[in-house]
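K.L.:
Pasting the sequence and the predicted model now:
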Amino acid sequence: MLRTALRHVLAQKTRLIQTVLAVCLGVAFISGSLVFADSTTAAHRAAMSQDYADISVTVRPKSAPVADADERYGALDDALVRTLAAVPGVGSVRPVADGSVTLAAKDGTPMRADSMRGKLGVAYAPGADGRDSRYPLVSGRAPRNGGEVALYRGTAAAGGYSPGDTVTLATDGPAFRKRLVGTVSTTDSRVTAGGTLAVFDKATAQRLFAAPGRYSSVDLTAAPGTGESELAARVAAVLPADRAEATTADAQATQQSVLISTVTRSYERLPLLFAVVSLFIGTFLIVNTFTLLVARRSREIALLRAIGATRRQVVRSVLAEAALVGLAASVLGFVLGLGVATALPHMLDTSGDLLPAGPLVIGPAPVLASLAVGVGVTVLAAWLPSRRAARGSLPSRRCARPSSRRPRRSPGSAAGSVWSRSCSARACSSR
Amino acid sequence: MPQTFTPAAPPATEPAARATALTKVYGTGETRVTALDSVTVEFARARFTAVMGPSGSGKSTLMHCMAGLDPVTSGSTRIGGAELAELKDRQLTRLRREKVGFVFQGFNLLPALTALENMTLPLRLAGRRPDAAWLDTVVATVGLGGRLAHRPAQLSGGQQQRVAVARALLSRPEIVFADEPTGNLDSRSGAEVLGFLRDSVRELDRTVVMVTHDPVAAAHADRVVFLADGRLVDELHAPTADAVLDRMLAFESHGR
Ligand SMILES: Nc1ncnc2c1ncn2[C@@H]1O[C@H](COP(=O)(O)OP(=O)(O)OP(=O)(O)O)[C@@H](O)[C@H]1O
Ligand SMILES: [Mg+2]
């Protein structure tokens, strides 16, 4: 029966092309957006695990109802940093003063005005060698006082700044100006994904993002042999419980991932809408095509029934055809979907956020979803016509009757005349 | 006088098929056609019956109704002991598949399948395998040896008809309804098919009912029944071609 179905499909291929195309497009958008989401999430995760590569535990102020910065960041001072450094299992301590700062480009327009994320301001924190390994200098030097700033080289280029220029910045207060003294690079994914980065000297950053002499957070690395959660527990023990808390890098990465998948999922919405629309149209095309196919084959189906096919066998043969069509369309659609997944990042309006680049991630879910949707929609849509086909009357006599093309072979002209005459007489009388 | 009638067949208790007061009306009102008008006829077991009559006289309709392919308007049709009107769709399908072979007048084969696949389709639908020896016999008889892998479109009309005959016989049905099975055949292959049908009656005790316009073909049968205007008008036992032709001519002078 399957082979019969296959033959029929092949015999009718021109008629099926539009059906295949519709299903194919629907599946392409589905698989495309799913693969895109998977790939983007994977790329984000890869970038993030890099961000957290040199962090095991982060100490942050506990969100208190009081909004006062002095109050909020009060616990995170140099004394606490020293206490933390003394906790057994802590490898290195990096006090951080960072937050959000908006830059104006040289022409005065704010950069990334429409994005909440990725407008980073940080403190330059030189290590023992006098350099900050997180923000290696590319040109010029590090900011030394409150009048100076360094920028991420991409930010400087995007804003049209060169060393010596005056940069206009703003946090939540009035705008202020600083002189650009150098550019840095970074691997921070928030910045490399299209964000901006301004680097201040420590005192300025503390004033802007925490409070004078206070930090916004403290990053700790575990000494070899100490686990993240173990370290977090030990650190938590020395923290003022109501004012600061310790979070493992893992937990932070997970939090970030959740945030990012929410964003990514919103990118999926448009292609999924396309998918629904094309499958909706596809459903009509399938119903149409199969109604037509079935009608054109009503004689065949009648014949099948006459020689002993059950209704169910007829339905099944039509559905088998539909499944084959659906399968072919889904496979094509999936391949096309990979193209969609590649093209999507360029077509989406991500409000300036660059999507991290990475290889296409093809998990089993998009494959299964594509096949299920493609085959499922086709078979479902063909179900009605197939039922109709099986219920239809047995041999359609109008068709089964030969046209007059066949010359009647008569044994004798006399007999021939008898039949043909009586036939025409009948024909007249029946009018 | 060539004698084709063999009187040896035992008196059948129950006929292989029987129609009682069978009436079939197509359409309503203006387009109403009474294709069969209270036809009562029996087809005895292990007999070869020919059905003759002018075009439009209801021969095909009779075949279809008797085989359960068309519902009747009134009256009864039985195959073996079964009253067709009482059968559910599933049972009717089963009956068609197991007990009845049908050769249609026109469209007979699925264009997408080869000759062999067409022949074995009823068996495959029933989930059975054709008996290889029987298949060979049937194929050899209908003379299709070299054409088994061909599609219907690659076969002549006569070859297609022979495939249809082979298909009808392959499942060894109790009764075969053949609507002009030799209509497209030349006299030699026509004679082969007729001989085959007759042999399956003689040797295998099958029942064959065949529509034909050809007195020579009808002469192969044990009995000829004549239809005119949807009514059974005459019958002839142990027919010869000449006798059949005489009857046909008689209609012209007597009737209408
Ligand atoms: N499906 C149908 N709908 C309406 N009328 C029909 C239908 N099938 C047959 N008829 C009519 O019934 C009558 C008998 O038709 P039938 O096909 O039985 O004739 P026939 O004896 O087989 O003729 P032929 O020798 O030409 O095959 C005809 O008048 C025909 O027009
Ligand atoms: Mg006919």
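P.N.:
In hand now; what should we look at? Numbers count the residues shown, from 1 in each chain, chains lettered A, B, ... in the order given. Ligands and ions are numbered 1, 2, ... in the order given.
K.L.:
if I look at the spatially closest residue to B:Leu194 that is not a sequence neighbour, how far off is ligand 1?
P.N.:
Distance criterion Cβ to Cβ, 6 or more residues apart in numbering or on different chains; nearest residue to B:Leu194, sequence neighbours excluded, is B:His220 at 4.4 Å. From N, CA and C alone the C-beta is placed, and that goes for glycine too. The gap separating B:His220 from ligand 1 is 18 Å, by Cβ to the nearest ligand atom, to the nearest Å.
K.L.:
just checking, B:His220 touches B:Phe48?
P.N.:
Yes: taking contacts as Cβ atoms under 8 Å, B:His220 lies within contact range of B:Phe48: 6.8 Å.
K.L.:
On the three-state scheme, whichever residue of the stretch 101-250 of chain B sits closest to ligand 2 is what?
P.N.:
Here the stretch 101-250 of chain B gets closest to ligand 2 at one residue, B:Gln105, 4.7 Å apart by Cβ to the ion. At B:Gln105, secondary structure determined by DSSP: H, G, I helix; E, B strand; the rest coil is coil.
K.L.:
I'd say it and B:Thr182 touch.
P.N.:
No: counting by Cβ under 8 Å, B:Gln105 does not reach B:Thr182; the two are 11.4 Å apart.
K.L.:
When these two are compared, which one has more neighbours?
P.N.:
B:Thr182 (28 against 24; other Cβ atoms under 10 Å in any protein chain shown).
K.L.:
Leaving aside the residues adjacent along the chain, what's closest to that one?
P.N.:
Nearest one to B:Thr182, counting by Cβ to Cβ, 6+ apart, is B:Gly190 at 3.8 Å.
K.L.:
Can you tell me the number of residues neighbouring the one you found?
P.N.:
Neighbour count for B:Gly190, taken as other Cβ under 10 Å: 23.
K.L.:
Could you count how many residues lie near residue 186?
P.N.:
In the absence of a named chain, this looks at chain A. For A:Thr186, using other Cβ under 10 Å, the count is 23.
K.L.:
hmm, I had chain B in mind actually
P.N.:
Neighbour tally, B:Asp186, other Cβ under 10 Å: 11.
K.L.:
you'd agree it is up against B:Gly158?
P.N.:
Yes: between B:Asp186 and B:Gly158 there is a contact at 6.6 Å, judged by Cβ under 8 Å.
K.L.:
tell me the pLDDT at A:Ala175?
P.N.:
pLDDT for A:Ala175: 85.
K.L.:
quick one, what contacts it?
P.N.:
Applying Cβ atoms under 8 Å, 6 or more residues apart in numbering or on different chains to A:Ala175 gives the contacts A:104, A:168-169.
K.L.:
Same question for B:Asp234.
P.N.:
Applying Cβ under 8 Å, 6+ apart, the residues near B:Asp234 are B:225-226, B:247, B:251.
K.L.:
Quick one: name whatever helix or strand follows the helix or strand harbouring it.
P.N.:
Assessed by DSSP states H and E, B:Asp234 sits inside strand B:231-237. Heading C-terminal from strand B:231-237, the first helix or strand you meet, by DSSP H and E, is helix B:241-254.
K.L.:
Next, the buried residues of that following helix.
P.N.:
B:241, B:243-245, B:247-248, B:251 (16 or more other Cβ atoms under 10 Å in any protein chain shown).
K.L.:
can you put the residues you listed in CSV and add distance to ligand 1 and pLDDT?
P.N.:
Shown next, in CSV, are the buried residues of helix B:241-254 (distance: Cβ to the nearest ligand atom, whole Å; pLDDT from 0 to 100):
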residue, distance to ligand 1, pLDDT
B:Ala241, 19, 90
B:Ala243, 21, 91
B:Val244, 15, 89
B:Leu245, 17, 90
B:Arg247, 16, 87
B:Met248, 13, 84
B:Phe251, 14, 74
